[in-house]
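Peer 1: Could you look at this predicted model? Sequence included:
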Amino acid sequence: MQPDIAPRRLIVGITGASGTIYGVRLLRLLQATDVETHLVLSKSAKITLTQELDIKVSDVADLADVVHQADNIGATISSGSFKTIGMVIAPCSMRSLAEIASGVTSSLVTRAADVVLKERRRLVLMAREAPLHLGHLKSMAAVTEIGAIVYPPVPAFYARPASIEQMVDQTLGRVLDLFDIQTDVVSRWNGLNPAKTRDIP
């Protein structure tokens, strides 16, 4: 009897927060790996996408191996028996984060995230909002307590990005590090450059 060996699958959720470039670029980076991508876009994400990027929703769908509709609660990714290595929501709206924190989900995006948590798989939420009020912070604390990783897309300036794409890639490369998915887009910290610090009094 053949062993039940599932491919490495990663769920990618894109919600309506600003920063759809993170979800789109994440799908592009994953195309160069052995990871099977399962995409679910919220209705709001589709609207935000049209305002932020010069790309069609159908073009984004083409970047994924499998696409699920946000209202399809019967999708494979809504069940824990469907094996995945986890999920990234990029970007993650505060509404979605609050739903995940409460366990009261209203779409496939948040249902899939809830499944990832209950199966003790890795969930990374690229929360995108500023400034933050206490309700946001409490939701972030709550999802962290139940096992999620809150990963705001904060740029690493030590990498000296020369473009928005490099800035986005550095962040996404570090997110993929959390799943042991290797890319060539991360500028790794190699310690201080003595030449840059020798004039410090």
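Peer 2: Cool, got the structure. Numbers count the residues shown, from 1 in each chain.

Peer 1: for Gly147, what are its contacts?
Peer 2: When contacts are counted by C-beta atoms under 8 Å, 6 or more residues apart in numbering, Gly147 is found next to 117, 120, 123. (Glycine included, C-beta is placed from N, CA and C.)

Peer 1: Show me just the buried residues among those residues.
Peer 2: 117, 123 (16 or more other C-beta atoms under 10 Å).

Peer 1: Restricted to strands, list the contacts of Gly147.
Peer 2: Of the positions in these, Leu123 sit in strands, assigned by DSSP state E.

Peer 1: Closest one to Ile47 out of the contacts of Gly147, please.
Peer 2: Compare each of the contacts of Gly147 with Ile47 using C-beta to C-beta and the shortest gap goes to Leu123, at 24.2 Å.

Peer 1: Go ahead and confirm that closest one touches Gly86.
Peer 2: Yes - here Leu123 reaches Gly86: they are 5.9 Å apart, a contact under C-beta atoms under 8 Å.

Peer 1: Show me the common contact partners of those two, please.
Peer 2: Val116.

Peer 1: Tell me the spacing between Glu165 and Arg174.
Peer 2: Glu165 sits 15 Å away from Arg174 when distances are taken as C-beta to C-beta, to the nearest Å.

Peer 1: returning to what we had before: got a markdown table for the contacts of Gly147, with pLDDT and distance to Asp71 too?
Peer 2: Below are those laid out as a markdown table (pLDDT from 0 to 100; distance: C-beta to C-beta, whole Å):
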| residue | pLDDT | distance to Asp71 |
| --- | --- | --- |
| Leu117 | 98 | 21 |
| Arg120 | 98 | 27 |
| Leu123 | 98 | 21 |
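
Peer 1: Show me which of the contacts of Gly147 is closest to Ala45.
Peer 2: Ala45 lies nearest to Leu123 out of these, by C-beta to C-beta, at 17.4 Å.

Peer 1: per-residue confidence for Gln2?
Peer 2: Gln2 carries a pLDDT value of 57.

Peer 1: my read: Thr20 touches Ser44, true?
Peer 2: No - Thr20 is beyond contact range of Ser44, at 10.1 Å (criterion: C-beta under 8 Å).

Peer 1: quick one: which of those two has more around it?
Peer 2: Thr20 (26 against 18; other C-beta atoms under 10 Å).

Peer 1: show me the contacts for that one.
Peer 2: Thr20 makes contact with 14, 45, 48-49, 52-53, 91 under the criterion C-beta under 8 Å, 6+ apart.

Peer 1: now do Met167
Peer 2: By C-beta under 8 Å, 6+ apart, the contact list for Met167 reads 155, 159, 161.

Peer 1: Name the nearest residue to the second one, sequence neighbours excluded.
Peer 2: Same thing as Ala159. On the basis of C-beta to C-beta, 6 or more residues apart in numbering, the spatially nearest residue to Ala159 that is not a chain neighbour turns out to be Ser187, at 3.8 Å.
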